[in-house]
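> What follows is a predicted structure for the sequence shown.
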Amino acid sequence: MNCTGNPSEKQTIRAFIAVELPLPVKQWLTGLQNRLKKDLVNASWPGPNSFHLTLAFLGHIPKSDIARVVESMDKAVYPYPGFELYASGLGVFPSAKHPRVLWAGIRGQTDILHALVKELEQELQVSTGYKKGKKRFTPHLTLARIKPAPHIKTKKRRGSRQRSGIVTPGRMIQWMQELQRDQSEPFDVKKIDLMKSTLHATGAVHEHLYSANLKN
């Protein structure tokens, strides 16, 4: 989506708050994508510049709210020291039977991560009226967005029935079992970032707006 031509859209931005990832983690995620691409052809694959750990998706917000979002971020991180995470394993939303998003999990000091996100959501709610989604926060890194499967003839492949590159639930579960012990290098979380996301035909372009630093 392009915001040109609509005065109301020019007064808003599409925004989210996230943890940006270091290059070695992005490289590990790209390698994981490459292992899956040959079988999962009915999917779109975010590039390395799109990899991030989303803490809060704000959607379209008035530009006048940016200052309040920044203040909420600063208040939320204030009690917390830096902590360590790493990417590990494979998961799928909403289920292996009806996959829509394929993702890598997050492990490490996730107790601090969950506490920080809860604090952030509360601060945003007070300052901007932010409403979190109904689903429980599940830290993850999106690897692929899976397209709906067309109704076409099935064929045999690698001992299971599969529809022209459409991965079966059994194969999806097998992937998750095979990759559950794979993990990236650990990375330090020292800040959280406010990002602007602009949608184009070729995908989203992200622009950094602000960083709130955790305690040293």
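Cool, got the structure.
> looking at this structure, which helix or strand is least sure?
strand 160-162 (a mean of 42; mean pLDDT, DSSP states H and E).
> counting contacts, what elements does the helix or strand just after it pack onto?
Going down the chain from strand 160-162, the next helix or strand is helix 169-178, by DSSP states H and E. Helix 169-178 makes packing contacts with strand 83-94, strand 160-162 when contacts are defined by 3 or more C-beta pairs under 8 Å, 6 or more residues apart in numbering; DSSP states H and E. For glycine as for every other residue, the C-beta is placed from the backbone atoms N, C-alpha and C.
> Lowest average confidence across these, which one?
For the helices and strands packed on helix 169-178, mean pLDDT drops lowest on strand 160-162, to a mean of 42.
> ok so, going back, which of the helices and strands packed on helix 169-178 is buried the deepest?
strand 83-94 (a mean of 18; mean count of other C-beta atoms under 10 Å).
> Centre of the chain to that one, how far?
Taking C-alpha atoms, centre = their mean, to the nearest Å, the mean C-alpha location of strand 83-94 is offset from the chain mean by 10 Å.
> Report the distance from the next helix or strand after it to the chain centre.
Sequence order places strand 99-108 as the next helix or strand after strand 83-94, per DSSP H and E. The chain centroid and the centroid of strand 99-108 are separated by 8 Å, computed with C-alpha atoms, centre = their mean.
> Repeat that for stretch 37-56.
9 Å.
> what does stretch 75-88 give?
17 Å.
> Can we start the residue count at 135 from this point?
New numbering, starting at 135: the last item is stretch 209-222.
> What is the end-to-end distance of it?
30 Å (C-alpha to C-alpha, to the nearest Å).
> Now do that stretch: everything it contacts.
Residues outside stretch 209-222 that contact it (C-beta atoms under 8 Å, 6 or more residues apart in numbering): 153, 159, 162-163, 187, 238-244, 246-247, 249-250, 253-254, 256-257, 273, 275, 314-326, 346-350.
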